[in-house]
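>>> just need the structure, nothing else, for what follows:
(one chain, ligands or ions: 1)
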Amino acid sequence: MARRRKPPVDQIVQADCVAELARMPDECFDMCFADPPYNLQLQGELHRPDRSRVNGVEDTWDQFDSMSAYDEFTAAWMSEVKRALKPNGTLWVIGTYHNIYRVGKVLQDLGFWILNDVTWVKKNPMPNFRGVRFTNATESLIWAVRDQERKDYTFNYALMKERNEGKQMRSDWRFNLCTGNERIKDCDGQKVHSTQKPEALDRGRVQETRATLRWDRD
Ligand SMILES: C[S@@+](CC[C@H](N)C(=O)[O-])C[C@H]1O[C@@H](n2cnc3c(N)ncnc32)[C@H](O)[C@@H]1O
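This next block holds a predicted model:
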């Protein structure tokens, strides 16, 4: 497949990520943020104590035949990300306990160097309806640089500290799930996407590790 001479700018491309990334030039991106399928492997329906059904993540995009099929998918998109990232570029990837450890193994096997693992503490998590486990109130984000020896990745330390009342930004981030007006709904009031993330995830933190407009745009 012919590679694009330049990556698209300010565009949302809806396509298979592995095929589309394969069209990107080598070493063209400063940062990649990935929110891949969780591979939840749900077994049966989940109900609330009032018997109403919980709309979980039952989408076909989250279904893989096996753990190794999920690992292969992860290695496919992540290898393309690695090729398309600049040597000092960074990868953010978010996941839950279902997938983040597998994703982390692939990431390390490919030679990425982990800079932080961040915990998103959900201030309004969904309860554990059956009362058989702890309330699952966190997700994890891995932040990794492409090449271990590169120390010149983007990290706007001073700006984040200033915004954080003079304190260093920590690796535990506390904010709500995506609810209310932020949650995109269809005309029947149903969620358009089962796993929409809140804007707070990006705002003021992830975006401060992104060097925008640094491609050669001549
Ligand atoms: C966890 S969800 C991401 C949710 C998104 N961050 C949001 O806030 O709405 C995972 C997404 O990966 C997409 N996906 C799965 N396989 C894909 C593929 N091969 N190429 C592109 N996207 C894919 C699914 O369609 C799904 O929307």
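>>> which residues are in contact with residue 93?
For residue 93, the contact set (Cβ atoms under 8 Å, 6 or more residues apart in numbering) comprises 33-36, 100, 103, 107, 141-142, 144. All C-beta spots, glycine's among them, are computed from the backbone N, C-alpha and C.
>>> quick check on it: phi, psi?
The phi/psi pair for residue 93 (degrees, to the nearest 10) reads phi -140, psi 130.
>>> tell me the bridge partners for it.
Residue 93 has these beta-bridge partners by DSSP bridges: residue 34, residue 142.
>>> buried stuff in the least confident helix or strand in the chain by mean pLDDT?
None of the helices or strands of the chain scores lower by mean pLDDT, DSSP states H and E than helix 157-163, at a mean of 89. Using 16 or more other Cβ atoms under 10 Å as the test for burial, helix 157-163 gives residue 160.
>>> what lies in contact with it?
167-169, 204-205, 208.
>>> can the contacts of residue 93 go into a markdown table with extra columns for pLDDT?
Shown next, in a markdown table, are the contacts of residue 93 (pLDDT from 0 to 100):
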| residue | pLDDT |
| --- | --- |
| 33 | 95 |
| 34 | 96 |
| 35 | 96 |
| 36 | 97 |
| 100 | 98 |
| 103 | 98 |
| 107 | 98 |
| 141 | 97 |
| 142 | 97 |
| 144 | 97 |
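>>> so what's the gap between stretch 96-111 and the chain middle?
12 Å (Cα atoms, centre = their mean, to the nearest Å).
>>> any bit of that stretch sitting next to the ligand?
No - Stretch 96-111 does not reach the ligand (Cβ under 6 Å from any ligand atom); its nearest approach is 9.4 Å.
>>> in that stretch, which residues are buried?
Under the neighbour-count rule (16+ other Cβ under 10 Å), stretch 96-111 has 96, 98-100, 102-104, 106-107, 110 buried.
>>> equivalent analysis for stretch 123-139, please.
Buried residues in stretch 123-139 (16+ other Cβ under 10 Å): 137, 139.
>>> do it and the ligand meet?
No - remark: stretch 123-139 sits outside contact range of the ligand, by Cβ under 6 Å from any ligand atom, the gap being at least 10.0 Å.
>>> neighbours of the spatially closest residue to residue 39 that is not a sequence neighbour, how many?
Distance criterion Cβ to Cβ, 6 or more residues apart in numbering; nearest residue to residue 39, sequence neighbours excluded, is residue 70 at 4.5 Å. Other residues lying near residue 70 total 23 when counted by other Cβ atoms under 10 Å.
>>> how about residue 70, phi and psi?
Phi and psi for residue 70, reported as degrees, to the nearest 10, are phi -70, psi -40.
>>> same question for residue 138.
Residue 138 adopts backbone torsions of phi -140, psi 160, taken as degrees, to the nearest 10.
>>> again, but for residue 136
Per degrees, to the nearest 10, the backbone of residue 136 is at phi -80, psi 100.
>>> what does this structure have sitting close to the ligand?
Looking at the ligand, the residues of the chain close enough under Cβ under 6 Å from any ligand atom are 16-18, 35-37, 61, 193, 195-197.
>>> I'd like to know which of those are buried.
Buried, going by 16+ other Cβ under 10 Å: 36-37, 195-197, out of the residues of the chain next to the ligand.
>>> tell me which of the residues you listed is nearest to residue 185?
Distance to residue 185, by Cβ to Cβ, is smallest for residue 196 among those, at 10.0 Å.
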